[in-house]
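Asker: sharing a model that was predicted from the sequence below.
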Amino acid sequence: MKTRAITGLFFIVVMIGSMLVNNYVFSIFYLLLSVLCLQEFYNLIKHGGVQPNSSAGLFAGGFIYLAFAALGYVSNGYILVALLPVVLISIFVQQLFKFSPAPFTDIAYTYLGLIFAIMPFCFFHALAFVQHGAFNFHFPLAFFIMLWANDTGAYLVGRFLGRTKLFERHSPKKTWEGFFGGVAISALAAFVISRFFPELQWRQWVSVAVLIGCFGTLGDLTESMLKRSLNIKDSGNLLPGHGGLLDRFDGLLLAAPVVFTYLYFIFNL
């Protein structure tokens with residue numbers, strides 16, 4: 001428990017610190033995290049007998065992140081986005097030189113890793129630039145505060161009041177009571193955030209919290225489904241006492257794209 005607490009505190013400090021230093025540190029830190037999550041995904045998949053093209057996938061994943069991250073820095077950042085088809089096609093080309101009994105299965109899981117681990121971080125990074133293209137750490141910081149509030153609320157309410165299973169097949173410990181408790185605590189955190197971050201009205205912050213509560217839980221269930229299909233408890237062992245990075249960022253997988261879409265329409269309609 002002590003190791004878990006120390007690791008968790010250190011990681012939270014580093015994550016928040018990367019947002020507060022400057023936009024370049026923020027971009028580089030989450031590039032590193034996204035690539036590590038992709039590597040972790042490929043390692044997980046190999047337990048199922050599939051051999052994704054890790055080297056091609058990691059290169060493509062890093063390029064995808066940088067291509068979309070560049071949109072927040074330079075006006076002609078779309079040049080990198082225009083090169084994405086070439087990078088993605090290279091996965092097929094490299095597979096031609098590999099000996100595999102199921103090449104298209106390997107290709108499919110290579111691409112799935114990009115969708116599962118890289119694209120959510122692209123949207124999370126874009127949160128910092130969603131308001132008129134200017135860097136603002138308030139949005140990614142608020143996202144994590146609400147996500148952590150949701151996870152904490154769901155755990156505490158589920159532990160003491162949980163009776164009705166939410167999705168027992170994939171996550172036996174989650175309950176409907178915990179789910180609603182998590183959303184409520186996240187909404188309360190959003191209301192407090194609205195007092196300090198004036199970019200959105202309190203109703204809009206609370207709406208973001210509800211989205212995070214719903215889609216963060218779905219992301220958690222999705223990652224649990226992946227691990228159970230492979231008969232694995234933790235996605236990795238990079239974080240002592242916490243498992244792997246995918247275990248820590250499962251709530252971000254589906255929530256970040258949805259929250260970005262919501263905020264994009266708020267600022268552009």
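Answerer: Perfect, I can see it now. All values reported here derive from a predicted model rather than from experimental measurement.
Asker: hey, let's count contacts and neighbours off CA atoms from now on
Answerer: Fine.
Asker: correct me if wrong: Ala149 contacts Gly181.
Answerer: No: Ala149 is beyond contact range of Gly181, at 10.0 Å (criterion: C-alpha atoms under 8 Å).
Asker: tell me where this structure has helices.
Answerer: Shown for the chain, the helices assigned by DSSP state H span residues 2-21, 23-46, 54-69, 78-82, 84-95, 103-113, 119-127, 138-161, 176-196, 202-229, 245-268.
Asker: mind listing what's buried in the first one?
Answerer: By neighbour count, and taking 16 or more other C-alpha atoms under 10 Å as the criterion, the buried residues in helix 2-21 are 8, 15-16, 18-19.
Asker: Trp176: which of the residues you listed is nearest?
Answerer: Using C-alpha to C-alpha, Gly8 is the member of the buried residues of helix 2-21 that lies nearest Trp176, at 26.1 Å.
Asker: and Lys98, its phi and psi?
Answerer: phi -100, psi 150 (degrees, to the nearest 10).
Asker: burial of it, as a residue count?
Answerer: 10 (other C-alpha atoms under 10 Å).
Asker: follow-up on the earlier one: quick one: the helices of the chain as TSV, columns for distance to Arg169 and mean pLDDT too.
Answerer: Shown next, in TSV, are these (distance: least, C-alpha to C-alpha, whole Å; pLDDT from 0 to 100):
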stretch	distance to Arg169	mean pLDDT
helix 2-21	27	80
helix 23-46	20	95
helix 54-69	30	95
helix 78-82	39	87
helix 84-95	34	94
helix 103-113	23	95
helix 119-127	25	97
helix 138-161	17	94
helix 176-196	14	96
helix 202-229	8	94
helix 245-268	17	93
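Asker: just the ones you listed: most buried one?
Answerer: Highest mean neighbour count of the helices of the chain: helix 119-127, a mean of 24 (counted as mean count of other C-alpha atoms under 10 Å).
Asker: tell me the helices and strands packed up against that helix.
Answerer: On a contact count with 3 or more C-alpha pairs under 8 Å, 6 or more residues apart in numbering; DSSP states H and E, helix 119-127 meets helix 23-46, helix 54-69, helix 138-161, helix 245-268.
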